[in-house]
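Enquirer: Provided below for reference: sequence and predicted model.
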Amino acid sequence: MIDSSGEQIDFSKTLLGNDPIGPLSKLLWECQAIYGTEVANPLIRMFMSQNAATTAWHLADWTWMSCPPEKRTALADVVGAADQSWPAFATRVREVSLALAICRELATAGKHVAISRGEMKNLTVEVEHDDETKETRVWICIDGERIPDLDIYGRALRWWIELYIHMGFSEAARLREALDQVNAPD
């Protein structure tokens, strides 16, 4: 977990590039891979979905840690967090973005099997594979509504892009343009 020490990311120890835009680019890449895949194996398609959900949720960690300590108050304020702490920031991100709340659920359940806090009891996942067309579709079901997984990840990515732009990372706008080409909804 992230602590309040003011510690920042050492990008030399990551595989995500040398700046905070790297993790956003990774999620875009994962969305593009899902969009363009013709993978017949349902297991691989589920892994792709799990990876996108995990990246989307862990952008909360990356965003908080890549933000200089002197700017974290502004970051907490822009999402409406109760205070300027990591837990308040992460909680508020889940509250203001249903897509990110879903991604948190999928990421946490995929890694830790069970959710100990804040479980979304109204969320399930369905996977459909058509033997004839070899297509595999992953559906996120919430309150009885079936949503294609790519729609969820596209919404999550768009939310992060807008936050990054608001926080002064204008280069995130290029990612928005690329996301628009994937046709992910707002």
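Expert: Good, I have the coordinates.
Enquirer: Sketch out the strands for this protein, chain order is fine.
Expert: Taking DSSP state E as the test, the strands found in the chain are 123-129, 136-142, 145-148.
Enquirer: Go through the last one and flag the buried ones.
Expert: What that stands for is strand 145-148. The neighbour-count check on strand 145-148 (16 or more other Cβ atoms under 10 Å) flags 147-148 as buried. No exception for glycine: its C-beta is placed from N, CA and C like everyone else's.
Enquirer: okay if I get the strands of the chain as TSV plus mean pLDDT?
Expert: Output for the strands of the chain, formatted as TSV (pLDDT from 0 to 100):
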stretch	mean pLDDT
strand 123-129	92
strand 136-142	94
strand 145-148	96
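Enquirer: and Val96, which of these is closest to it?
Expert: Nearest to Val96, of all those, is strand 136-142, at 16.1 Å by Cβ to Cβ.
Enquirer: and the closest one, what does it pack onto?
Expert: helix 42-66, helix 98-112, strand 123-129, strand 145-148, helix 149-166 (3 or more Cβ pairs under 8 Å, 6 or more residues apart in numbering; DSSP states H and E).
Enquirer: mean pLDDT for these: which is lowest?
Expert: In terms of average pLDDT, helix 98-112 trails the rest of the helices and strands packed on strand 136-142, at a mean of 88.
Enquirer: Contacts made by that helix with the rest, please.
Expert: Contacts to helix 98-112, defined as Cβ atoms under 8 Å, 6 or more residues apart in numbering, come from residues 49-50, 52-54, 56-58, 60, 93-95, 115, 118-120, 123, 125, 140, 142, 152-153, 155-156, 159.
Enquirer: Counting neighbours, which of those end up buried?
Expert: Members of the contacts of helix 98-112 classed as buried by 16+ other Cβ under 10 Å are 49-50, 52-54, 56-58, 60, 93-94, 120, 123, 125, 140, 142, 152-153, 155-156, 159.
Enquirer: looking at it, Thr124 is touching Val138, isn't it?
Expert: No. Under the criterion of Cβ atoms under 8 Å, Thr124 makes no contact with Val138, lying 11.6 Å away.
Enquirer: Looking at those two, which one has more neighbours?
Expert: Set Thr124 next to Val138 and count neighbours by other Cβ atoms under 10 Å: Val138 wins out with 23 against 12.
Enquirer: Report how many residues lie close to the residue nearest to the more buried one when sequence neighbours are not counted.
Expert: Using Cβ to Cβ, 6 or more residues apart in numbering and skipping residues adjacent in sequence, the residue nearest Val138 is Asp149, 4.1 Å away. Asp149 has 26 neighbours, counted by other Cβ under 10 Å.
Enquirer: if I look at Asp149, how far off is Val182?
Expert: Separation of Asp149 from Val182 (Cβ to Cβ, to the nearest Å): 13 Å.
Enquirer: That'll do, ta.
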